[in-house]
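Asker: Provided below are the primary sequence and the corresponding predicted coordinates.
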Amino acid sequence: MRVLTAFALAAMLVAFGIAPVQAEKRVALVIGNGDYERADKLANPVTDARRLRDVLARLGFDVVYGENLGKQALERSIGRFANAAEGSDVALVYFAGHGATFGDTPYVVPVDAQFSSLGEVPYELVPVEMLVAELRRAKGLRIAILDACRDNTAERELKRVNARGGETTRGLARVRNPEGLILAYATQFLATAADGDPNGDSPFTAALLNNITTPGLDVKDLFFKVGREVIDNTQGKQRPEISVSFYDRYALVPGGSALAADRPATAAPMVIPAQPSPCAEAEVHWRSAQSIGTRAAMEDHIQRFPNCAFVGLAKAKLAALSEPPEQPSTQRPGTYWDHNGSTVRLEASESGGRRFYYYQPRKGMLDAGARPGDLVFEGRRIGNRYEGKAYAFKGHCGTLDYQVSGEVSNDDQTVVLTGRAPQLDSACKPTGSAPDRLVFSYKYKID
């Protein structure tokens, strides 16, 4: 994510002989997602986004930019844009990539989204309303451009499986109550947009780039002209939709002006890293920490955002988690075992089912998020062999399961299981796996 600073922009415009409009604040969020991990890859979005980013920068916009963003990175970019958009004269959001509609809710699709079940959809995708809501921070013109209606096999298959003979929707549903906005969709609802020439731009963004720098062109007429060009160039196969509830006249390029892009370039624009508010990501991080609910998650939030809005809640939650967990007044019947300094209880069924639960987790496991009653292992005993899943507690990253198996000693006093435990980086992204060994040693029995 990068922002073209106003200082660099002003210097560049002066070099081209173009006087920047003083006291007008223009901001934009530009995202291009094409390298999808579990959905159809797209050729054009990143190219489209880069070209639009460069044009908007030359038009005086401070641009928050990202490409091939996962959900967490996309939400962080939205947070940075929200801070930049506060009180702006012109705010613009552009997303190119996959869009999806589930129920009546339109979403944009991060590159790491999965389409494994309908229940997971709200947690894997980003609602379009989240983008539009931040536009409302602007005091003047607000524009949302969604070139995000491309066909997606994963989405279509999930809908087909869950339709049970009913109809399945395609395309991007419309945002409710878009008052005060110009909202441009690459194509109509219940239709999908073309990705375009792999070496060029999508039909919609190509038309937008052809017209956005036209001097004196009112912004509403700009989008009507873009729509007409797309219809003509696709022989009517793609028909954009434009929703307008902005009624003043406004031209992105005043009449008689010349844009830097139309003159010979003498120097590349300087791009420097964005300097977001230290609290820009606090709300998104707090929601994640709250859902995980462990000491490590709270400590991580306090360390990252010591002066932000949710630190008081994090400290209160941490204090509650620091209290010794209440132990049962009486132990339940079963056998109790030692596991790396923790006491666990074995629950065995006649059919061969086996489960180890934490009874008294050691301090290190408490810090990692384990609590009495949490599963350590669940599976089956077949002869003298255990097979099933072990559970690893990863602090602020939550709990992960992985396959293990192993032998029971001849005297039934020891169970040794081995497997490959998942490894994560500080951002909770998988980095591989490592050999792991779990040992359970018999302690006593309660009848």
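Answerer: Looks like it came in fine. Residues are numbered from 1 along each chain as shown.
Asker: okay, stretch 223-233 in CSV with CA atoms only?
Answerer: C-alpha atoms of stretch 223-233 as CSV (Å, rounded to 0.1, in the frame of the first residue of the first chain):
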residue,chain,number,x,y,z
PHE,A,223,-19.6,7.7,-16.3
PHE,A,224,-22.4,7.8,-18.8
LYS,A,225,-19.8,8.1,-21.5
VAL,A,226,-17.9,5.1,-20.1
GLY,A,227,-21.0,3.1,-20.0
ARG,A,228,-21.8,3.8,-23.7
GLU,A,229,-18.2,3.0,-24.7
VAL,A,230,-18.4,-0.4,-22.9
ILE,A,231,-21.7,-1.3,-24.5
ASP,A,232,-20.3,-0.3,-28.0
ASN,A,233,-17.0,-2.2,-27.5
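Asker: ranges for the helices of the stretch 301-447 of the chain?
Answerer: Under the criterion DSSP state H, counting those that start in this stretch, helices of the stretch 301-447 of the chain are mapped to 311-322, 363-368.
Asker: weakest of the ones you listed by average pLDDT?
Answerer: For the helices of the stretch 301-447 of the chain, mean pLDDT drops lowest on helix 311-322, to a mean of 75.
Asker: Point to the residue nearest the middle of this protein.
Answerer: residue 71 (1.1 Å; C-alpha atoms, centre = their mean).
Asker: Can you name the residues that contact it?
Answerer: Neighbour list for residue 71: 110, 112, 113, 124, 125, 126 [criterion: C-beta atoms under 8 Å, 6 or more residues apart in numbering]. All C-beta spots, glycine's among them, are computed from the backbone N, C-alpha and C.
Asker: again with residue 145
Answerer: Residues in contact with residue 145, defined by C-beta under 8 Å, 6+ apart, are 92, 93, 94, 95, 184, 208.
Asker: can you pull the contacts of the fourth one?
Answerer: Put plainly, it is residue 95. By C-beta under 8 Å, 6+ apart, residue 95 lies in contact with 31, 33, 108, 131, 145, 146, 147, 148.
Asker: try 6 Å
Answerer: Residue 95 is in contact with 31, 108, 146, 148, counting by C-beta atoms under 6 Å, 6 or more residues apart in numbering.
Asker: ok, what's across the strand from it?
Answerer: Assessed by DSSP bridges, residue 95 has beta-bridge partners residue 31, residue 146.
Asker: And it, how close does it get to residue 47?
Answerer: Distance, residue 95 to residue 47, using C-beta to C-beta, to the nearest Å: 14 Å.
Asker: hey, which helix or strand in this structure has the poorest pLDDT?
Answerer: When each helix and strand of the chain is scored by mean pLDDT, DSSP states H and E, strand 272-273 comes last, with a mean of 37.
Asker: Can you redo the helices of the stretch 301-447 of the chain as CSV, where the extra columns are distance to residue 139 and mean neighbour count?
Answerer: Formatted as CSV, the helices of the stretch 301-447 of the chain follow (distance: least, C-beta to C-beta, whole Å; neighbours: other C-beta atoms under 10 Å):
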stretch, distance to residue 139, mean neighbour count
helix 311-322, 30, 15
helix 363-368, 47, 16
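Asker: Looking at those helices, spot the one closest to residue 77.
Answerer: helix 311-322 (23.0 Å; C-beta to C-beta).
Asker: Need the contact partners of the closest one.
Answerer: The contact list for helix 311-322 (C-beta under 6 Å, 6+ apart) reads 295, 298, 301, 302.
Asker: Quick one: distance of that helix to the chain centre.
Answerer: 26 Å (C-alpha atoms, centre = their mean, to the nearest Å).
Asker: Only alpha carbons, please: show it as PDB.
Answerer: What follows is helix 311-322, C-alpha atoms only, in PDB (Å, rounded to 0.1, in the frame of the first residue of the first chain):
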ATOM      1  CA  VAL A 311      -6.800  -1.000  25.000                       C
ATOM      2  CA  GLY A 312      -9.000  -0.600  28.100                       C
ATOM      3  CA  LEU A 313     -11.100  -3.500  27.100                       C
ATOM      4  CA  ALA A 314      -8.100  -5.600  26.300                       C
ATOM      5  CA  LYS A 315      -6.600  -4.900  29.700                       C
ATOM      6  CA  ALA A 316      -9.800  -5.800  31.500                       C
ATOM      7  CA  LYS A 317     -10.000  -9.100  29.500                       C
ATOM      8  CA  LEU A 318      -6.400  -9.800  30.300                       C
ATOM      9  CA  ALA A 319      -7.000  -9.300  34.000                       C
ATOM     10  CA  ALA A 320      -9.900 -11.700  33.900                       C
ATOM     11  CA  LEU A 321      -7.800 -14.300  32.000                       C
ATOM     12  CA  SER A 322      -4.900 -13.900  34.500                       C
END
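Asker: of the contacts of helix 311-322, closest to residue 226?
Answerer: Using C-beta to C-beta, the contacts of helix 311-322 come closest to residue 226 at residue 301, 43.4 Å.
Asker: Please verify my assumption that that closest one contacts residue 289.
Answerer: Yes: contact criterion C-beta atoms under 6 Å: residue 301 and residue 289 qualify, at 4.4 Å.
Asker: so where is the stretch 201-350 of the chain shaky, pLDDT-wise?
Answerer: 201, 256-280, 288, 291-293, 321-331 (pLDDT under 70).
Asker: can you rerun that using 90?
Answerer: The model of the stretch 201-350 of the chain has pLDDT under 90 over residues 201-203, 230, 234-249, 254-334, 340-341, 349-350.
Asker: OK, contacts around residue 97?
Answerer: 33, 45, 148.
Asker: Report pLDDT for the closest residue to the first one other than its chain neighbours.
Answerer: Just to be clear, that refers to residue 33. Nearest non-adjacent residue to residue 33, counting by C-beta to C-beta, 6 or more residues apart in numbering: residue 97, 3.2 Å away. Residue 97 is assigned a pLDDT of 91 by the prediction.
Asker: ok, which stretches of the stretch 1-150 of the chain are strands?
Answerer: Remark: strands assigned in the stretch 1-150 of the chain by DSSP state E, counting those that start in this stretch are 2-3, 26-32, 61-67, 90-96, 99-102, 105-108, 126-127, 141-147.
Asker: quick one: the helices in the stretch 151-300 of the chain?
Answerer: So, for the stretch 151-300 of the chain - with DSSP H, counting those that start in this stretch - the helices run 153-163, 203-211, 219-233, 282-292, 295-304.
Asker: wouldn't residue 138 be in contact with residue 85 here?
Answerer: Yes: Residue 138 is within contact range of residue 85, at 5.3 Å (criterion: C-beta under 6 Å).
Asker: okay, these two: which has more neighbours?
Answerer: residue 85 (26 against 23; other C-beta atoms under 10 Å).
Asker: Before I go, just wanted to say thanks for your time.
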